[in-house]
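>>> Sequence plus the predicted model coming up.
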Amino acid sequence: MNSPSSPQTLPPEPSPQAGLAPAEGLSMVWHSRFGAMRIEVIHGQPHVNGQRIEPLLRPTVPQEAP
């Protein structure tokens, strides 16, 4: 184990959930140490405690070649 080792950096793998569409009408309550919060999807838009939120990553739609 005296030989020098070179650091290797692997590229990040794409998230398997990135391509999933939100389920319509899905609603669940998440209990955390800060209290309960209701997470739901209404008309394809995410809501937390009844307020619409902006997703961190926006889905990309591939454009067709003209």
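That came in fine, so what should we check first?

>>> so how many other residues sit close to W30?
Other residues within reach of W30, judged by other CB atoms under 10 Å, total 10. (Glycine included, C-beta is placed from N, CA and C.)

>>> Kindly apply the preceding question to R52 instead.
Neighbour tally, R52, other CB under 10 Å: 10.

>>> Show me the beta-bridge partners of it.
Listed beta-bridge partners, R52: H47 (assigned using DSSP bridges).

>>> what do you get for G35?
Bridge pairing for G35 - DSSP bridges - gives S32.

>>> Check S27 too.
On the basis of DSSP bridges, S27 is bridged to E40.

>>> Could you report the separation of it from R33?
To R33, S27 is 22 Å away according to CB to CB, to the nearest Å.

>>> who's in contact with G25?
E40, V41, I42 (CB atoms under 8 Å, 6 or more residues apart in numbering).

>>> Check P12 and give its pLDDT.
Listed pLDDT for P12 reads 75.

>>> what about S27 and R33, which has more around it?
Taking other CB under 10 Å, S27 and R33 do not tie; S27 has more neighbours (11 against 4).

>>> pretty sure that one contacts E40?
Yes: contact criterion CB atoms under 8 Å: S27 and E40 qualify, at 3.9 Å.

>>> Quick check: mean pLDDT of stretch 42-55?
Stretch 42-55 comes out at a mean pLDDT of 87.

>>> where do the strands sit along this structure?
With strands called from DSSP state E, the chain shows them at 27-32, 35-42, 45-48, 51-52.

>>> Now the second one - C-alpha only, PDB.
Read it as strand 35-42. In PDB, the C-alpha atoms belonging to strand 35-42 read as follows (Å, rounded to 0.1, in the frame of the first residue of the first chain):
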ATOM      1  CA  GLY A  35     -44.400  19.700  12.300                       C
ATOM      2  CA  ALA A  36     -46.700  18.200   9.700                       C
ATOM      3  CA  MET A  37     -46.900  19.500   6.100                       C
ATOM      4  CA  ARG A  38     -49.400  18.500   3.500                       C
ATOM      5  CA  ILE A  39     -47.800  17.700   0.100                       C
ATOM      6  CA  GLU A  40     -50.100  17.400  -2.900                       C
ATOM      7  CA  VAL A  41     -50.300  17.700  -6.700                       C
ATOM      8  CA  ILE A  42     -53.200  19.800  -8.100                       C
END
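
>>> Sounds good, over and out.
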